[in-house]
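Trainee: Sequence first, then the predicted structure, then my questions.
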Amino acid sequence: MKRFIYTSALVALSFTCATAQLKNAEGNSVISKIKAANEKVNTISCKFDRTIKQAMLDQPAKSDGDFNYTKSRKLSMKYTSGEQVVVNENEVLIGKKGKTRNLKASNKHVESLVNTLLGCVSGNVNSLEGTLESVKETGGKTLITVDVDNFKVGQSKVTKVELEYGSDLIIQSIKMIEADGSYTFYELQTKSLNKQIDESVYVVKK
């Protein structure tokens with residue numbers, strides 16, 4: 001009986017995730033174009049930069065590293081500092097060398113981050129949980145702003161996500177903004193598309 005209840009709960013969770021959809025985005029032609037363009041992208045690999053700006057601090061903290069993505073649920077961000085975030089299907093590794101945590105992608109501490117990163121990088125903006133605020137095409141780029149729901153990373157609550165897609169409609173940057181103005185900004189550098197990526201990049205060691 002317990003096994004039946006557990007299985008039913010998993011089915012319900014899967015159904016909820018599968019039907020999550022961005023409000024106000026239905027029929028948006030730009031978002032549809034982004035999704036169509038990214039259906040041809042199986043992998044992305046590049047260098048990336050991350051900037052973290054706390055509202056109470058004057059100077060931002062910057063770091064960089066290697067970014068890899070393989071459709072549809074494999075993503076790796078490994079920093080030169082030793083920090084890493086690795087998603088391999090439903091397994092997540094997060095932390096620094098010697099101090100990493102292994103979690104399920106559905107864990108409340110990483111679920112919003114994982115789903116948002118995968119949704120943005122895959123071009124599936126409709127899968128984000130929140131409300132579409134604006135879509136602007138300017139200078140060959142597309143800027144999308146989303147008011148997000150139930151988005152916590154650790155003790156921080158993200159209220160808005162700003163996305164930039166390049167002229168090729170592939171993700172260029174992701175900015176996660178908190179209520180007090182603090183933010184985390186990821187920016188991809190020159191990208192290689194559909195290049196074979198060694199599976200060792202996504203190994204989640206336990």
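Mentor: Okay, I see it. Everything numeric here is computed off the predicted structure, so don't read it as measured data.
Trainee: what does stretch 188-197 rub up against?
Mentor: With contact meaning CB atoms under 8 Å, 6 or more residues apart in numbering, stretch 188-197 is reached by 41-49, 67-68, 70, 170-173. (C-beta placed from N, C-alpha, C; glycine too.)
Trainee: right, I mislabeled it, should have said stretch 52-72
Mentor: Against stretch 52-72 from outside (CB under 8 Å, 6+ apart): 41-51, 74-81, 83, 118, 121-122, 178, 180-185, 188, 197, 201-202.
Trainee: What are the buried residues along that stretch?
Mentor: 53, 54, 65, 67, 68, 69, 70 (16 or more other CB atoms under 10 Å).
Trainee: same deal with stretch 191-206?
Mentor: So, applying 16+ other CB under 10 Å, buried residues of stretch 191-206: 191, 197, 201, 202, 204.
Trainee: Out of these, which is nearest to residue 141?
Mentor: residue 191 (14.2 Å; CB to CB).
Trainee: Got a quick PyMOL command for the buried subset of the contacts of stretch 52-72?
Mentor: In PyMOL, a selection of the buried entries from the contacts of stretch 52-72 looks like this (16+ other CB under 10 Å):
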select buried, resi 41+43+44+45+48+50+74+75+76+77+78+83+118+121+122+178+182+183+184+185+188+197+201+202
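Trainee: Next step: the contacts of stretch 52-72 restricted to helices.
Mentor: Among the contacts of stretch 52-72, the members found in helices (DSSP state H) are 118, 121.
Trainee: So which of the contacts of stretch 52-72 sit within strands?
Mentor: 43-51, 74-79, 83, 178, 183-185, 188 (DSSP state E).
Trainee: Packing partners of whatever helix or strand residue 158 lives in?
Mentor: Using DSSP states H and E, the element containing residue 158 is strand 156-165. Strand 156-165 sits against helix 111-121, strand 141-153, strand 171-178, with contacts defined as 3 or more CB pairs under 8 Å, 6 or more residues apart in numbering; DSSP states H and E.
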